[in-house]
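K.L.:
Fold the following, please.
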Amino acid sequence: MPERVTAIESALADWPMVEATAHDDGVLLTVHDPRLVEHLRTIWSRWDDYGTERVVPYLFPTSGLLGDLPEREPVAPHAAAGRYCYDTMTLVGPGTWEGARAAVDVALTCVDIVGDGVVYGLTRPPGHHVTRTAYGGSCYLNNAAIAAEGFRRAGHERVAVIDIDAHHGNGTQDVFYSRADVFYGSVHVDSGAGWFPHYAGFADEVGVDAGVGANLNIPMAPGSGDGPWLDAVRRLADAVSTFGATALVVSLGVDAAIDDPESPLEVTLDGYGEAGRALGALALPTVALQEGGYHLPTLGALVRATLEGMERP
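P.N.:
Modelled structure (predicted):
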């Protein structure tokens, strides 16, 4: 992770930067179940020596395990690990909570200072795979959802989150799936083609209850490049306009790029610049937060190209 941060910082070295300011847990606890937050805050200090250097889930309270039984709060830390984490790759170690909580401060600071312009937050770890009640996908707290809720608290009645990461932001979708005040739209590699998060991100997921129509997924076939991907980004931008959002959060993953090892999409540097222009043309207060991006030689340039596209004249 430090190498990725350094690569992005180097690419943006001539841009003004500010330090995040500390925020209380008010917005965080609106987005996430307080039990999840407390688990992340305390699990490392409660972790006994089970022969690993990280908190590793080993038992998950799935419907297949519980059946009709009530879900209970486990006492043992090694059981609690699977209660709040839905995969085996998102490990917790020393500093995990502090890093994730600092990223929340970055997201909320961006909302504080954006005005009517564009602000980028270098949020590491990323967050768009965290649901209201569980973390996973190498994410711990949902920075984009927290920023969207921050915009709502700042007085914006309708907020949009557009996710251009290569993988569907199942967590952000989950947080807002039944709400009519936050639109979530995502372009991503087709989860049904064998890509994370596997169980979410399909085109028929349109929201429930009050949220019907406020969720738009556009899955891409593996190998998709600039043409279909940019068509999808423009479709998402049109949906934001139709929704009537007055503020925008962008989950800025650049792992859909042609050289990235974590996805089969083939978007170019120019494609990311065009995506930035499509989103910038909405002329909304915009907070862009870093999600994925794993090809170090091109990472910084991809982030910069997207942000330059978003810039207003």
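K.L.:
Which strands and helices lie in contact with the helix or strand of the chain with the lowest mean pLDDT?
P.N.:
Sorted by mean pLDDT, DSSP states H and E, the helices and strands of the chain end with helix 77-84, the least confident at a mean of 92. When contacts are defined as 3 or more CB pairs under 8 Å, 6 or more residues apart in numbering; DSSP states H and E, helix 77-84 packs onto helix 34-46. Any C-beta I mention is one placed from the backbone N, CA and C, and that applies to glycine too.
K.L.:
so what does the following helix or strand past the helix it packs on touch, helix or strand wise?
P.N.:
Heading C-terminal from helix 34-46, the first helix or strand you meet, by DSSP states H and E, is helix 63-66. For helix 63-66, there is no helix or strand it packs on, judged by 3+ CB pairs under 8 Å, 6+ apart.
K.L.:
rewinding a little: how far off helix 34-46 does whatever helix or strand comes next after the least confident helix or strand of the chain point, in degrees?
P.N.:
Next along the chain after helix 77-84, taking DSSP H and E as the criterion, comes helix 96-113. With axes from the mean of the first three to the mean of the last three CA atoms, to 10 degrees as the basis, helix 96-113 and helix 34-46 are set at 140 degrees to each other.
K.L.:
How far off centre is helix 96-113?
P.N.:
Offset of helix 96-113 from its chain centre (CA atoms, centre = their mean, to the nearest Å): 13 Å.
K.L.:
Likewise for stretch 247-264?
P.N.:
Distance, centroid of stretch 247-264 to centroid of chain: 11 Å (CA atoms, centre = their mean).
K.L.:
got it, and stretch 5-17?
P.N.:
The chain centroid and the centroid of stretch 5-17 are separated by 21 Å under CA atoms, centre = their mean.
K.L.:
could you show me where the strands are in this protein, in order?
P.N.:
Ranges of strands within the chain are 118-121, 159-163, 182-189, 215-220, 247-252, 286-290, based on DSSP state E.
K.L.:
Ok, which of these comes nearest residue 308?
P.N.:
With CB to CB as the measure, strand 118-121 is the member of the strands of the chain nearest residue 308 (10.1 Å).
K.L.:
quick one: strands adjacent to that closest one?
P.N.:
strand 286-290 (parallel) (DSSP bridges).
K.L.:
tilt between the strand it pairs with and strand 159-163?
P.N.:
Note on geometry: by the same axes, to 10 degrees, strand 286-290 and strand 159-163 are set 30 degrees apart in direction.
K.L.:
give me the low-pLDDT residue ranges for the stretch 151-300 of the chain?
P.N.:
Within the stretch 151-300 of the chain, not a single segment meets pLDDT under 70.
K.L.:
Enumerate the positions of the least confident helix or strand of the chain that are buried.
P.N.:
For helix 77-84, the neighbour count (16 or more other CB atoms under 10 Å) marks 77-84 as buried.
K.L.:
Can you give the contact residues for it?
P.N.:
By CB atoms under 8 Å, 6 or more residues apart in numbering, the residues outside helix 77-84 that reach it are 35-36, 39-40, 43, 46-48, 50, 55-61, 73-74, 92, 133-135.
K.L.:
Would you map the helices across the stretch 151-300 of the chain?
P.N.:
170-176, 226-243, 269-280, 296-310 (DSSP state H, counting those that start in this stretch).
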